[in-house]
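# Sequence first, then the predicted structure:
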Amino acid sequence: MKKYYAEAGLIILTILVVIGTLIWNPETQRHRHNHQQLVELQPSKIVWGFPLDSIQVDTLKIKANQSLSDLLMSKGVTALAVDQLARNALPVFDVRRFRAGNSCFFINSDSTRQPEFFIYEESPVSYVVFRLDSLAVYRGEKPITTITRTLAGRIESSLWNAFVDQGSSPALAIELSDIFAWTIDFFGIQAGDQYRVLYDEKYVEEDFVGIGRIHATSFINMGDTVFAYYFNENNQDGYFDDKGQSLKKAFLKAPLQFSRISSHFSHSRLHPVLKIRRPHKGVDYAAPTGTPVYSIGDGVVVKKSYQKNGGGNYLNIKHNSVYTSQYMHLHGFAKGIENGVRVKQGQLIGYVGKTGLATGPHLDFRIYMNGAAIDPLKVKAPPVEPVNAVNLPAFQQLRDSLKTILLAIPLNEAKID
């Protein structure tokens, strides 16, 4: 029995020695320590292509009229190097276009050394890097995260206010007005109209930087429902209705955004200045001085002139053998707008004003059909090409899936998909 206990004790002692050796072995301890380090190590945040935890960053705001030389020479960069950087930047960025209030950054890897990089953030997404050692200049973009959202609601006063009240970006209202510009008169929307939208928002880290693609949307205006579906056909982007017809027509519905109609087309209107009744052959859109005015369609400027006791600064654009549009009381004309110049649909042509006989800033907008004035609000322009028959099955499949999503969105509710 004693022999048995002696042998058992020897075995236990041997096991304890082996365990102790493993525990206290320096190589084992180093391996365990390294393993813990690997587990606890967090990836470094990358900004402008640099690991943020290994660089020193000095942040500044661009001041009014501040130049590249002002910024760099204050950090010890020579005038010769600044001049070469400006030359190297020409294909990338015009150094005369620094915008006051934008952020810029000096970067180096050692706080005791001179800056190695100068970075100018042109926008929340894009930036320009100036290497102060090699004098190279290049652009970069921050990674963008896209989040698909849905939004639905009823109009109480305006589309703009509806989105603001729901905490959504007002830019979405502008995007929608562009999509439906040929179909819905956004000056005529009214309380009770409804909308549903499936769209993307773009973020850089936690910051919202803009509206992305609108995949599908519907709008109920005065009881009529219009659907719009994004579809790419032959590398051409477009929005189409339920039947695959393009929402884009020959003319924009209105030549400016977010205003109100102060006077309609009439055969007998009391003139606000002359105080006599006479025909008003257009639509007056009241808007602040300087509001951009756009051409409602492709065409040629056939008249750019001034009429002191009438339309003030005005433009006539001939679109085809049938239609001509007229824009009156302009504060001024857009750069490059001259007689004989060809313009595109949606191109900036001037700015709202009150030149000529006008009591306040507004645009007097007119359309002539075969030389006779017609009510601009009643023009029914022909649509552009529909979805090609070859691509129609693919469009219909996409339409059905998007429509199902749209109709499932509860009104006055926004959510992340």
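Great, that's in hand.
# Using CSV, list the CA coordinates for stretch 382-401.
Extracted C-alpha coordinates of stretch 382-401, given in CSV (Å, rounded to 0.1, in the frame of the first residue of the first chain):
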residue,chain,number,x,y,z
PRO,A,382,-45.0,65.5,-76.3
PRO,A,383,-42.9,63.0,-74.3
VAL,A,384,-39.4,61.8,-75.2
GLU,A,385,-38.7,58.2,-76.1
PRO,A,386,-40.2,55.5,-73.8
VAL,A,387,-38.5,52.3,-72.6
ASN,A,388,-37.3,50.3,-75.6
ALA,A,389,-39.5,47.2,-76.3
VAL,A,390,-36.4,45.0,-75.9
ASN,A,391,-35.9,46.3,-72.3
LEU,A,392,-39.5,46.5,-71.3
PRO,A,393,-39.6,43.1,-69.5
ALA,A,394,-36.7,44.1,-67.3
PHE,A,395,-38.3,47.5,-66.6
GLN,A,396,-41.6,45.9,-65.7
GLN,A,397,-39.9,43.5,-63.3
LEU,A,398,-38.1,46.4,-61.6
ARG,A,399,-41.3,48.5,-61.6
ASP,A,400,-43.3,45.9,-59.9
SER,A,401,-40.8,45.4,-57.1
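# Report the buried residues of that stretch.
383, 386-387, 395, 398-399 (16 or more other CB atoms under 10 Å). From N, CA and C alone the C-beta is placed, and that goes for glycine too.
# same thing with stretch 229-240?
229-231, 233, 238-240.
# Which single one of the residues you listed is nearest to E121?
Y230 (30.4 Å; CB to CB).
# L198 belongs to a helix?
No. Going by DSSP: H, G, I helix; E, B strand; the rest coil, the assignment for L198 is strand, not a helix.
# quick one: contacts for it?
Applying CB atoms under 8 Å, 6 or more residues apart in numbering to L198 gives the contacts 148-150, 214-217, 402, 405-406, 409, 417.
# ok, residues contacting stretch 159-169?
Contacts of stretch 159-169 (CB under 8 Å, 6+ apart): 151, 153-156, 170, 172-173, 176-177, 186, 189, 195, 201, 208, 210-211, 258, 412, 414.
# actually stretch 231-243, not the one I typed
Residues from elsewhere that reach stretch 231-243 (CB under 8 Å, 6+ apart): 179, 226-230, 246-248, 386-388, 391, 395, 398-399, 403.
# same thing with stretch 328-343?
282, 289-290, 293, 295, 298-304, 310-315, 317, 347-356, 358, 361-366.
# how about a cut-off of 7 Å?
289-290, 293, 295, 299-304, 311-315, 317, 348-356, 358, 362-364 (CB atoms under 7 Å, 6 or more residues apart in numbering).
# thinking in terms of the whole chain, how far from its middle is it?
Stretch 328-343 sits 26 Å away from the centroid of its parent chain (CA atoms, centre = their mean, to the nearest Å).
# buried set for it?
Of the residues in stretch 328-343, 328-331, 333-334, 337, 343 count as buried by neighbour count, 16+ other CB under 10 Å.
# What is the nearest of those residues to K378?
Once CB to CB is applied, the member of these that ends up nearest K378 is M328, at 19.4 Å.
# is the closest one in a bridge, and if so with what?
Here M328 shows beta-bridge partners D364, assigned using DSSP bridges.
# now it: how far from V95?
Using CB to CB, to the nearest Å, M328 is found at 41 Å from V95.
# repeat for A381
Taken as CB to CB, the span from A381 to V95 is 45 Å.
# ok, these two, which is more surrounded?
More crowded of A381 and V95, by other CB atoms under 10 Å: V95, with 21 against 17.
# wait, the more buried one sits on R87?
No. Using CB atoms under 7 Å, V95 is not in contact with R87, being 9.5 Å away.
# can you give me the helices for the protein?
Shown for the chain, the helices assigned by DSSP state H span residues 2-24, 26-40, 68-73, 79-89, 159-165, 171-179, 392-407.
# which of the ones you listed has the lowest average pLDDT?
The weakest mean pLDDT among those belongs to helix 26-40, with a mean of 42.
# Domain parsing of the protein, as residue ranges.
Domain ranges of the chain: 46-141, 145-249+407-416, 260-378, per automatic domain parsing.
# I am finished for the moment; much appreciated.
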